[in-house]
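>>> here's a sequence, model it:
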Amino acid sequence: MEQQTSTASKTYDVVVWGATGFTGQIVVEYLYQNYGDGQQDLKWAIAGRDSDRLSVIKERIGCHQVPVLLADSHDPATMTEMVAKTAVVLSTVGPYALYGSHLVAACAVSGTHYCDLTGEVQWMREMIEAHHDQAVASGARIVHTCGFDSIPSDLGVLFLQTQMQRSQGIYAEAVKYRLVKAAGAVSGGTVASMLNMMDEASKNPALLDVLADPYALNPINTAPGVDQNETSMPVYDDALQQWVGPFVMAGINTRVVRRSHALAGMPYGVSFGYEEGTLIGEGPKGYLKALLAGFSTTLGTTLAAINPIRALFSRWLPKPGEGPARDKREAGFFEVILHGTAGSGGNQQSIKVRVTGDRDPGYGSTAKMIAEAAVCLAKDPLTGQGGVLTPSVAMGERLIERLIENAGLTFEVID
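Have a look, this model is predicted:
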């Protein structure tokens with residue numbers, strides 16, 4: 001049964017929390033250009049803790065009529081007051097483990113929908129345990145990972161499975177995600193979140209078990225599947241005929257896809273397998289490049305786990321609030337291929353789909369993805385109940401349609 005999000009008792013459809021941050025500003029600009037100044041069909045506002053900085057953003061972008069709300073991440077009362085006014089909160093304020101917990105709690109209690117850009121597996125696990133049942137009761141859809149991690153993965157799998165079911169009458173038993181190419185800068189917010197995850201794990205070693213669990217985000221008591229964590233060693237992809245190296249977001253995306261499958265009732269089977277990697281190249285040269293990529297990834301992760309070296313890394317890597325210039329963002333792009341198979345030998349059935357974005361994945365495309373996710377939660381008739389969900393479970397094909405129509409993404413079946 002479809003449920004239209006109720007906004008009758010709310011002042012706003014969407015509030016952008018973190019509008020003064022680098023990604024938040026891109027989101028504000030996108031909403032203003034595509035949905036007006038908050039006085040038309042989409043009633044939206046910007047929020048933060050510093051009114052002067054919010055005024056500067058409005059002046060720079062030109063969205064003078066967009067309303068402003070003030071709140072503080074560390075003050076639960078102001079979080080509660082803010083979420084009571086809106087149907088959806090869009091949050092770009094990370095690391096979320098440091099700044100996001102009070103906001104998620106307030107949304108879960110009030111029935112206000114929520115979307116963010118976190119990739120912090122340990123924090124998502126904490127939010128699931130603390131707030132899933134409350135969000136089910138209130139009807140709030142709490143949706144993490146609404147950017148490059150993990151929309152191309154999560155909605156890509158949904159699109160692939162939907163197309164395979166329609167064309168071949170069967171679901172894929174295994175899906176492989178391959179980053180083909182991308183251009184863009186590493187997000188400072190993503191870097192900060194990853195470093196914070198390591199900080200938390202160094203203080204609480206029990207978190208290492210969560211981070212190491214390929215099914216860390218699945219509902220409690222869900223039977224695990226066949227997946228293991230991705231290897232750093234080169235793997236040859238027969239379907240695409242290239243060597244594959246690690247993909248830095250795989251540790252987040254794979255767990256989100258597996259949670260989606262579990263929340264949906266495991267329609268692809270209890271042995272459904274999903275993994276991710278980066279296409280590196282063909283032949284011996286491709287193998288050596290994939291081997292080097294794996295070695296570099298392993299070395300970087302090992303060094304970053306050492307506190308003094310991690311502190312040194314933080315000086316060199318992009319900071320939250322920093323990002324590339326507009327021309328760099330607009331010149332960026334990404335391309336992903338997902339390959340699904342069912343059966344084996346002469347009876348194997350398969351399908352390939354491509355997902356692309358027309359801006360750099362870390363900022364430009366990510367800002368458009370989360371903006372459309374928030375509008376989808378606010379305005380579209382959606383199926384299912386509340387809870388701590390995933391993009392595909394919370395919004396599904398309706399979000400795919402929005403991303404294709406408005407946000408420069410493509411989802412297509414290829415030969």
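>>> wasn't T254 part of a helix?
Yes - assessed by DSSP: H, G, I helix; E, B strand; the rest coil, T254 belongs to a helix.
>>> from N218, how far out is it?
In this structure, T254 and N218 are 11 Å apart, going by CB to CB, to the nearest Å. In short, each C-beta sits where N, CA and C put it, glycine included.
>>> before we move on, what about G156?
Distance, G156 to N218, by CB to CB: 19 Å.
>>> which of those two has more neighbours?
G156 (25 against 21; other CB atoms under 10 Å).
>>> where does the residue nearest to D37 when sequence neighbours are not counted fall, phi/psi-wise?
Spatial nearest neighbour of D37, chain neighbours left out: Q65 (4.1 Å); criterion: CB to CB, 6 or more residues apart in numbering. For Q65, the backbone dihedrals (degrees, to the nearest 10) come out as phi -90, psi -10.
>>> how many neighbours does Q65 have?
11.
>>> W44 is in contact with that one, correct?
No - taking contacts as CB atoms under 8 Å, Q65 lies outside contact range of W44: 10.9 Å.
>>> next, show the common contact partners of those two.
Taking CB atoms under 8 Å, 6 or more residues apart in numbering as the criterion, Q65 and W44 both touch G38.
>>> V88: what secondary structure?
Per three-state DSSP, V88 ends up strand.
>>> what bridges to it?
Here V88 sits in beta bridges with V14, H113, going by DSSP bridges.
>>> coming back round to it: so what's the residue nearest to D37 scoring on pLDDT?
pLDDT recorded at Q65 is 96.
>>> for the one 10 residues further on, same thing?
Among the per-residue scores, D75 shows a pLDDT of 94.
>>> over to S6?
At S6, pLDDT is 50.
>>> go on, V186?
What the model reports as pLDDT for V186 is 67.
>>> same question for T298.
pLDDT, T298: 84.
>>> my guess is it contacts E230. True?
No - if you go by CB under 8 Å, T298 and E230 don't touch, sitting 11.4 Å apart.
>>> which one's more surrounded, those two?
Per other CB under 10 Å, whichever of T298 and E230 has more neighbours is E230, with 20 against 14.
>>> ok, the more buried one touching M249?
No - using CB under 8 Å, E230 is not in contact with M249; the gap is 10.6 Å.
>>> pull up the overlap in contacts between those two.
Joint contacts of E230 and M249 (CB under 8 Å, 6+ apart) are E276.
>>> how about low-confidence regions in the stretch 301-415 of the chain?
For the stretch 301-415 of the chain, applying pLDDT under 70 flags the ranges 304-305, 310, 313-321.
>>> and the stretch 101-250 of the chain, by the same measure?
186-187, 189.
>>> which parts of it are helices?
Using DSSP state H, counting those that start in this stretch, the helices of the stretch 101-250 of the chain run over 101-110, 121-138, 151-168, 188-203, 206-212, 250-263.
>>> mind exporting the C-alpha coordinates of the longest helix along the chain to PDB?
Identified as the longest helix of the chain according to DSSP state H is helix 283-304. Provided in PDB are the C-alpha atoms of helix 283-304 (Å, rounded to 0.1, in the frame of the first residue of the first chain):
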ATOM      1  CA  GLY A 283      46.600  -8.500 -19.100                       C
ATOM      2  CA  PRO A 284      49.800  -8.500 -17.100                       C
ATOM      3  CA  LYS A 285      49.900  -4.700 -16.800                       C
ATOM      4  CA  GLY A 286      46.300  -4.700 -15.400                       C
ATOM      5  CA  TYR A 287      47.300  -7.400 -12.900                       C
ATOM      6  CA  LEU A 288      50.300  -5.500 -11.700                       C
ATOM      7  CA  LYS A 289      48.300  -2.300 -11.300                       C
ATOM      8  CA  ALA A 290      45.600  -4.100  -9.400                       C
ATOM      9  CA  LEU A 291      48.300  -5.600  -7.100                       C
ATOM     10  CA  LEU A 292      49.700  -2.200  -6.500                       C
ATOM     11  CA  ALA A 293      46.300  -0.800  -5.800                       C
ATOM     12  CA  GLY A 294      45.600  -3.500  -3.200                       C
ATOM     13  CA  PHE A 295      49.000  -3.100  -1.600                       C
ATOM     14  CA  SER A 296      48.500   0.700  -1.400                       C
ATOM     15  CA  THR A 297      45.000   0.300   0.200                       C
ATOM     16  CA  THR A 298      46.200  -2.200   2.700                       C
ATOM     17  CA  LEU A 299      49.300  -0.100   3.600                       C
ATOM     18  CA  GLY A 300      47.200   3.100   3.900                       C
ATOM     19  CA  THR A 301      44.600   1.400   6.200                       C
ATOM     20  CA  THR A 302      47.300  -0.100   8.400                       C
ATOM     21  CA  LEU A 303      49.100   3.200   8.800                       C
ATOM     22  CA  ALA A 304      45.900   5.100   9.500                       C
END
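>>> noted, bye for now.
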